[in-house]
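**Student:** 3D, please:
(one chain, ligands or ions: 1)
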Amino acid sequence: MKYNFDEEVNRKGTNSVKWDNLKNIFGRDDIIPLWVADTDFKAPIEVIEGIKKRADHGVFGYTFRGSSYNESVKNWLKRRHQWEIEREWITFSPGIVPALSTCVNTFTNPGDKVIIQSPIYPPFRSVVEGNGRKIIDNELAFKNNRYCMDLENLKRQIFKSNGEFDYKVKMLILCSPHNPTGRVWEKNELLELGKICYENNIIIVSDEIHSDIVYKNHKHIPIASLSEELKNSTITCISPSKSFSLAGLASSAIIIPNKKLLNLFNASLDTAHIAGGNIFGNIALEEAYNNGDDYLDELILYLEDNLNYCIDYFNEKIPQIKPLRPESTYLVWLDCSKLGLEDKELMNFFINKAKVGVNPGSSFSKKYKDFVRLNIGCTKKTLKEALYRIEKAVKEVIR
Ligand SMILES: Cc1ncc(COP(=O)(O)O)c(C=O)c1O
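**Tutor:** Have a look, this model is predicted:
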């Protein structure tokens, strides 16, 4: 192993949302933070050196992205996901959520409807509603211990009783792989969903931020790579932020093969004057995509080990909490229904009894009040301590 993911990095005092914002979020700061989706690992040395080298230059004036930025994105997608794209399809966003919001604003009008599939990463809902659009929630179904898309239900929601398509439905925001369930969508699922969309002129915005961390026996497929129709109706959003500890550097790549959609998206970036990005974010993206393969391969192995440890621990020592094994992401969706606690009570249990910070299931969908999301993107030592605390707290509750 070239990288030491066991290294304990003290993140306190760095304005880290995950570590330094605990009092605001959870009301106390003596908890182990396994909530917001970033990892506690140092970025690859190549990224750190690249940033240092540029910092040594000392002048940080206005910047733009050089052609090497697009080259690194193109090569990464080809190497890691076997998707051949053109440099000209690539544009930028200072983060994926800003890209989702830009897409909603650029390609739909107030009052239009946007499809999401809950339980879902909360900003999917807020970028739609916050921009005055309406949600169509095609809730995921749970079958054979796996979440799946309910496409019959989707059709029922987008076609009126007389069979006519609801022309207000303009966009689908797809989470691929999916947060919080960890599903890696399979080819047939994507094709079926894609067909419904392009037959009805629904633009797909595919958030593929988690696509680089995929576990054994699963394969991420960019939906835009599946056909000419899907290529022309999809906006794909990727970023090295989740995999390489770069979320605070705010640089993401947006791939829009359809020239008309690309021009409209770029016009929105120009209107907001956010097209250039920042010097360090752009360098970090390039370094990660050009030189991050070994880091990522080792990270996936480390996370898989954490995951096995976590799943075994719950199954053997905390059977009252049922973990769902994710196929991607370092996020574990925990079914806590056997504890008989919901929402505030459940959060009170995790924060004040176990002293572990998690995300409430209700923030992903009101239906999931007895679930929480646990982030295992931490050192094994931290994970072990957190699981031990949860075990102890469960024993106290059910005594
Ligand atoms: C599915 C998904 N999209 C986007 C983001 C955040 O992206 P960004 O920080 O680039 O806005 C996250 C972070 O957890 C996420 O899980």
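
**Student:** counting contacts, what elements does the longest strand along the chain pack onto?
**Tutor:** Using DSSP state E, we find that the single longest strand of the chain is strand 169-175. Using 3 or more Cβ pairs under 8 Å, 6 or more residues apart in numbering; DSSP states H and E, the elements in contact with strand 169-175 are helix 96-107, strand 113-116, helix 123-129, helix 187-199, strand 203-207. Backbone N, C-alpha and C define where each C-beta goes, glycine included.

**Student:** closest one to the ligand among those?
**Tutor:** Closest to the ligand of the helices and strands packed on strand 169-175, according to Cβ to the nearest ligand atom: helix 96-107, at 3.5 Å.

**Student:** what about the closest one, average pLDDT?
**Tutor:** Here helix 96-107 scores 98 as its mean pLDDT.

**Student:** tell me which element the residue nearest to Arg146 when sequence neighbours are not counted falls in.
**Tutor:** In space, and not counting its chain neighbours, Arg146 is closest to Arg183: 7.2 Å by Cβ to Cβ, 6 or more residues apart in numbering. Assigned by DSSP states H and E, Arg183 belongs to neither a helix nor a strand.

**Student:** Alongside the ligand, which residues does the stretch 201-350 of the chain contribute?
**Tutor:** Asp207, Ile209, Ser239, Ser241, Ala247, Ser252 (Cβ under 6 Å from any ligand atom).

**Student:** Just give me the closest of those residues to Lys160.
**Tutor:** Asp207 (28.6 Å; Cβ to Cβ).

**Student:** For that closest one, name its beta-bridge partners.
**Tutor:** Taking DSSP bridges, one obtains Cys175, Cys237 as the residues bridged to Asp207.

**Student:** what's it in contact with, if anything?
**Tutor:** Asp207 is in contact with Ile96, Leu100, Tyr121, Phe124, Ile173, Leu174, Cys175, Ser176, Cys237, counting by Cβ atoms under 8 Å, 6 or more residues apart in numbering.

**Student:** Please work out how many residues are found near the nearest residue to the fifth one once chain neighbours are set aside.
**Tutor:** Looking back up the chat, that one is Ile173. Distance criterion Cβ to Cβ, 6+ apart; nearest residue to Ile173, sequence neighbours excluded, is Val205 at 4.9 Å. Counted with other Cβ atoms under 10 Å, residues neighbouring Val205 total 25.

**Student:** same deal with Asn375?
**Tutor:** With other Cβ under 10 Å as criterion, Asn375 counts 23.

**Student:** Please apply the same query to Asn290.
**Tutor:** Asn290 has 16 nearby residues by other Cβ under 10 Å.

**Student:** hang on, isn't the residue nearest to Ile173 packed against Cys103?
**Tutor:** Yes - Val205 is within contact range of Cys103, at 4.7 Å (criterion: Cβ atoms under 8 Å).

**Student:** what touches both of these two?
**Tutor:** By Cβ under 8 Å, 6+ apart, the residues touching both Val205 and Cys103 are Met171, Ile173, Ile235.

**Student:** of the residues you listed, closest to the ligand?
**Tutor:** Nearest to the ligand, judged by Cβ to the nearest ligand atom, of those is Ile173 at 9.5 Å.

**Student:** Let me know the distance separating the closest one from Asn179.
**Tutor:** 12 Å (Cβ to Cβ, to the nearest Å).

**Student:** Could you do Ile32 as well?
**Tutor:** On the measure of Cβ to Cβ, Ile32 and Asn179 end up 21 Å apart.

**Student:** These two: who's more crowded?
**Tutor:** Of the pair Ile32 and Asn179, Asn179 is the one with more neighbours under other Cβ under 10 Å, namely 25 against 20.

**Student:** residues contacting that one?
**Tutor:** Shown in contact with Asn179 (Cβ under 8 Å, 6+ apart): Ala37, Ile120, Tyr121, His210, Thr329, Leu331.

**Student:** which of these tops the neighbour count?
**Tutor:** Highest neighbour count within these: Thr329, with 29 neighbours (other Cβ under 10 Å).

**Student:** List the contacts of it.
**Tutor:** Applying Cβ under 8 Å, 6+ apart to Thr329 gives the contacts Ala37, Pro177, Asn179, Gly182, His210, Ile213, Lys242.

**Student:** Can you tell me, leaving aside adjacent residues, what's nearest to the fourth one?
**Tutor:** What it means is Gly182. That would be Pro326: by Cβ to Cβ, 6+ apart, it lies 2.3 Å from Gly182.

**Student:** Neighbours of that neighbour, how many?
**Tutor:** For Pro326, using other Cβ under 10 Å, the count is 27.
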